[in-house]
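Novice: Next input, structure requested:
(2 chains)
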Protein chains: 2
Amino acid sequence: MTLAVGEAATSLPVIEDRHHDHRKYPHGVAFMDGQYLPMSEAKVSVLDWGFLHSDATYDTVHVWDGRFFRLNLHLDRFFKGMEKLRMKLPYSRDEIEKILSTCVALSGHKSAYVEMICTRGGSPTFSRDPRQAENRFIAFAVPFGSVANKEQLERGLHIAISDTVRISPRSIDPAIKNYHWLDLVKGLFDAYDAGAETALIVDTNDNIAEGAGFNVFTVKDGILKTPGYSVLPGITRQSVFDLCTELHLSASAGDVNRDQLKAADEVFITSTAGGIMPVTKIDDAVIGNGKVGPVTRQLTDLYWKKHADPAWSTQIAYR
Amino acid sequence: MTLAVGEAATSLPVIEDRHHDHRKYPHGVAFMDGQYLPMSEAKVSVLDWGFLHSDATYDTVHVWDGRFFRLNLHLDRFFKGMEKLRMKLPYSRDEIEKILSTCVALSGHKSAYVEMICTRGGSPTFSRDPRQAENRFIAFAVPFGSVANKEQLERGLHIAISDTVRISPRSIDPAIKNYHWLDLVKGLFDAYDAGAETALIVDTNDNIAEGAGFNVFTVKDGILKTPGYSVLPGITRQSVFDLCTELHLSASAGDVNRDQLKAADEVFITSTAGGIMPVTKIDDAVIGNGKVGPVTRQLTDLYWKKHADPAWSTQIAYR
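Specialist: Alright, predicted model coming up:
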């Protein structure tokens, strides 16, 4: 600490050359400005509009057993988000795929959480005009993480519904994957206060929207439903639709209200961070018989099997 | 560039020790982790939830002629925001004031834009639970900037009203000063497309809300009005209320619709970044006679006079 508090007002501390960061970082590899770097070096300026205005889009793809899962869908969404935000990068889609693959290979992780980020960046002339910004690309690979831990995957998550309203599509297009999470974080604190493990928040019509990094599905009389409005079109959500087609199950997107959610036979959430994860309690309501349901199990099994299928996954060259 | 694109898949690039950053940074001084640093070192990890979830609050105070302007009001708002977000810092209010002052003194800037930031930080055990995060404080002082340049201050800004809806108070409490700006940035691009210089966006009822970093006031028949819903309670907005009291002018907060805005005798915007700034054109409508109006001028003059008043400002000890 070189903090000047308590020193005489006339004795200013020195300006040091380098920041000494004593935080711990997960093992992984990042790419920035043409360099591959340890995670401890993956930092953005506080002046980058990606931080200062959360003016950024991103995507996360996971690696399982050395293979990317549905990378093309994630790249599609990432490029669409950049286009909608009028951002441009000096890398082609093939180059970005290669960079992501290299981050994973250098990390050595066989199961990884891989993030690609485009921030607005900043203007080299310090203009306030976002059109004059140099957009910035960052990618990194860290160990795979899950919304639900092992115990929760076995017994099902306990979720609370918060009255917090997910940021409206009239404000931000939810198809642009973004870092505007203060509503979701508020929902999480509401859920913790209620003794639950995670939260769902609602849309502007008080129907269920989504949670902190996940979509939600109900199963009722063998038919699946997921909210269609005010949600990120998740890739795992899309995978559930695709698996349902294969299994001849009916699944659709549309309004799901609180009562319908609690009266479902089965409920599960979907996220790249964990896949398909069962929910067995919502607020004070036990879902179905309180155990992980058969449709959830069937979909989960098929979801993980697809991770070895070349139509759904891509081998990474580790050396 | 050490990018591996084009190289053989079996030859991985090296992981370098340090990031080489060739970006330009404004002259200034930052405080992080007990150190005072040049702006080029003021960086946060991409894994900090302040970036990854825009889970942060901040405030900006300006320095004019070597004096902080209404620092106490900014500190009040900053501490209230942290409390609402359930964040805690290991610094007292007095210590933060001293840190801000030291950043300015070390920078040498007599006119400065000074930002204090609290991010959620991250968990030392890599937990996903925000309650387990170590919150983080960052401060910096850079040269003073303004929404409007000299020419715009003389002739008045040209603003367009965008149909983009400001993030609703049902999603995020606007009294928590936050970095969720994608709606405001969308508004800016809409305004640029319409040939205007900056934007106002609307609230959920299609009344006027605010712009990218500023509030707006109308003057009609000598009476001032500013939107009361879905806006940041700006400190410069508060200063206008206080100046109006002193000048025996009537000013209140309430709904302002598009027609009322365009039919006003005078319009001005308020921001720490520039103070009170005139608006003389909105969409295709000329405001009043198209020149900066007398009430705007009177308030602007008194606003800048207050910068030398010890009741409104605090001297900085530069050495």
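Novice: following the host helix or strand of A:Val44, which helix or strand shows up next?
Specialist: Here A:Val44 sits within strand A:43-45, counting by DSSP states H and E. Using DSSP H and E, the helix or strand that follows strand A:43-45 towards the C-terminus is helix A:49-52.
Novice: Pull out the buried residues from that next one.
Specialist: Residues of helix A:49-52 classed as buried by neighbour count (16 or more other C-beta atoms under 10 Å in any protein chain shown): A:49-52. For glycine as for every other residue, the C-beta is placed from the backbone atoms N, C-alpha and C.
Novice: What separation is there between the one residue sitting closest to the centre of chain A and B:Gly28?
Specialist: Nearest to the mean C-alpha position of chain A, by C-alpha atoms, centre = their mean, lies A:Gly213 at 4.7 Å. Counting by C-beta to C-beta, to the nearest Å, the separation of A:Gly213 from B:Gly28 is 35 Å.
Novice: quick one: contacts for A:Gln238?
Specialist: Applying C-beta atoms under 8 Å, 6 or more residues apart in numbering or on different chains to A:Gln238 gives the contacts A:Leu73.
Novice: Figure out the helix or strand that it lives in.
Specialist: Under the assignment here (DSSP H and E), A:Gln238 is part of helix A:235-247.
Novice: gap between the two ends of stretch A:168-186?
Specialist: End-to-end distance for stretch A:168-186, by C-alpha to C-alpha, to the nearest Å: 15 Å.
Novice: mean confidence score for that stretch?
Specialist: When pLDDT is averaged over stretch A:168-186, the result is 98.
Novice: Number of residues surrounding the residue nearest to A:Asp173 when sequence neighbours are not counted?
Specialist: Take A:Asp173 and drop its neighbours on the chain: the residue closest to it by C-beta to C-beta, 6 or more residues apart in numbering or on different chains is A:Lys84, 6.1 Å away. A:Lys84 has 13 neighbours, counted by other C-beta atoms under 10 Å in any protein chain shown.
Novice: what does A:Ser250 give?
Specialist: 11.
Novice: can I assume the residue nearest to A:Asp173 is in contact with A:Asn178?
Specialist: No. Look at A:Lys84 against A:Asn178 with C-beta atoms under 8 Å: they stay out of range, at 10.3 Å.
Novice: shared neighbours of these two, which are they?
Specialist: Jointly contacting A:Lys84 and A:Asn178 under the rule C-beta under 8 Å, 6+ apart are A:Thr57.
Novice: Over to the closest residue to A:Leu249 other than its chain neighbours. Which of the three states is it?
Specialist: Spatial nearest neighbour of A:Leu249, excluding adjacent residues (C-beta to C-beta, 6+ apart): A:Leu224 at 6.1 Å. What DSSP: H, G, I helix; E, B strand; the rest coil gives for A:Leu224 is strand.
Novice: could you pull out the strands for the stretch 151-300 of chain A?
Specialist: In the stretch 151-300 of chain A, the strands defined using DSSP state E, counting those that start in this stretch lie at A:157-165, A:198-202, A:208-211, A:215-220, A:223-226, A:250-253, A:266-271, A:275-282, A:285-286.
Novice: Same list, these, but as a markdown table with mean pLDDT and distance to B:Cys244 please.
Specialist: Below are the strands of the stretch 151-300 of chain A laid out as a markdown table (pLDDT from 0 to 100; distance: least, C-beta to C-beta, whole Å):
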| stretch | mean pLDDT | distance to B:Cys244 |
| --- | --- | --- |
| strand A:157-165 | 98 | 34 |
| strand A:198-202 | 98 | 39 |
| strand A:208-211 | 98 | 41 |
| strand A:215-220 | 98 | 49 |
| strand A:223-226 | 98 | 51 |
| strand A:250-253 | 98 | 51 |
| strand A:266-271 | 98 | 51 |
| strand A:275-282 | 98 | 50 |
| strand A:285-286 | 98 | 53 |
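Novice: would CSV of the ones you listed with distance to B:Ala133 be doable?
Specialist: Listed next are the strands of the stretch 151-300 of chain A as CSV, based on distance: least, C-beta to C-beta, whole Å:
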stretch, distance to B:Ala133
strand A:157-165, 19
strand A:198-202, 16
strand A:208-211, 18
strand A:215-220, 25
strand A:223-226, 30
strand A:250-253, 33
strand A:266-271, 20
strand A:275-282, 22
strand A:285-286, 30
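Novice: rewinding a little: run through the residues that contact the residue nearest to the centre of chain A.
Specialist: Counting by C-beta under 8 Å, 6+ apart, A:Gly213 touches A:147, A:184, A:271, A:273.
Novice: Am I right that the third one is in contact with A:Tyr303?
Specialist: Translated: A:Ser271. No. Applying C-beta under 8 Å, one finds A:Ser271 not in contact with A:Tyr303, separated by 11.6 Å.
Novice: any residues in contact with both of these two?
Specialist: Common neighbours of A:Ser271 and A:Tyr303 (criterion: C-beta under 8 Å, 6+ apart): A:Thr236.
Novice: Those two: which has the busier surroundings?
Specialist: Neighbour count, other C-beta under 10 Å: between A:Ser271 and A:Tyr303, A:Ser271 has more, with 25 against 19.
Novice: which non-adjacent residue is nearest the more buried one?
Specialist: In space, A:Ser271 is closest to A:Phe214, 3.9 Å off (C-beta to C-beta, 6+ apart).
Novice: if we can go back for a sec, would you give the sheet partners of the strand holding A:Val44, along with the direction of each?
Specialist: strand B:43-45 (antiparallel) (DSSP bridges).
Novice: And the partner strand, how far out from the chain middle?
Specialist: Remark: strand B:43-45 is offset 20 Å from the chain centroid, using C-alpha atoms, centre = their mean, to the nearest Å.
Novice: same question for it, mean pLDDT?
Specialist: Per-residue pLDDT over strand B:43-45 has a mean of 98.
Novice: go on, stretch A:107-116?
Specialist: Throughout stretch A:107-116, pLDDT has a mean value of 98.
Novice: for that stretch, the distance to its chain's centre please.
Specialist: Put simply, stretch A:107-116 sits 14 Å off its chain's centre (C-alpha atoms, centre = their mean).
Novice: Please enumerate residues in contact with it?
Specialist: A:27-29, A:58-66, A:68, A:74-75, A:78, A:96, A:100, A:103-104, A:137-145, A:272-273, A:318, B:46.
Novice: Now the buried members of those residues.
Specialist: Buried residues within the contacts of stretch A:107-116, counting neighbours by 16+ other C-beta under 10 Å: A:28-29, A:58-64, A:66, A:68, A:74-75, A:78, A:96, A:100, A:103-104, A:137-142, A:144-145, A:272-273, A:318, B:46.
Novice: how close does A:Ser45 sit to B:Ala42?
Specialist: Distance from A:Ser45 to B:Ala42, by C-beta to C-beta: 6 Å.
Novice: Look at whichever residue of the stretch 201-319 of chain A sits closest to chain B and give its secondary structure.
Specialist: As assessed by C-beta to the nearest C-beta, chain B sits closest to A:Ala317 within the stretch 201-319 of chain A, at 4.2 Å. Classification of A:Ala317 by three-state DSSP places it in coil.
Novice: Just to check, it is in contact with A:Ser101?
Specialist: Yes. Counting by C-beta under 8 Å, A:Ser101 is a contact partner of A:Ala317 at 6.9 Å.
Novice: near chain B, which residues of the stretch 151-300 of chain A?
Specialist: A:164-168, A:170-172, A:176, A:178-186, A:188-189, A:192, A:204 (C-beta under 8 Å from any C-beta of the partner chain).
Novice: so A:Arg77 touches A:Lys177, yeah?
Specialist: Yes. The pair A:Arg77 / A:Lys177 is scored as a contact, 6.3 Å apart, by C-beta under 8 Å.
Novice: Quick check on the two: which one has the bigger neighbour count.
Specialist: A:Arg77 (22 against 19).
Novice: Which residues are in contact with the more buried one?
Specialist: Shown in contact with A:Arg77 (C-beta under 8 Å, 6+ apart): A:59, A:175, A:177, A:233, A:235.
Novice: Can you lay out these as a markdown table showing distance to B:Ile15?
Specialist: Shown next, in a markdown table, are the contacts of A:Arg77 (distance: C-beta to C-beta, whole Å):
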| residue | distance to B:Ile15 |
| --- | --- |
| A:Asp59 | 23 |
| A:Ala175 | 34 |
| A:Lys177 | 27 |
| A:Pro233 | 34 |
| A:Ile235 | 28 |
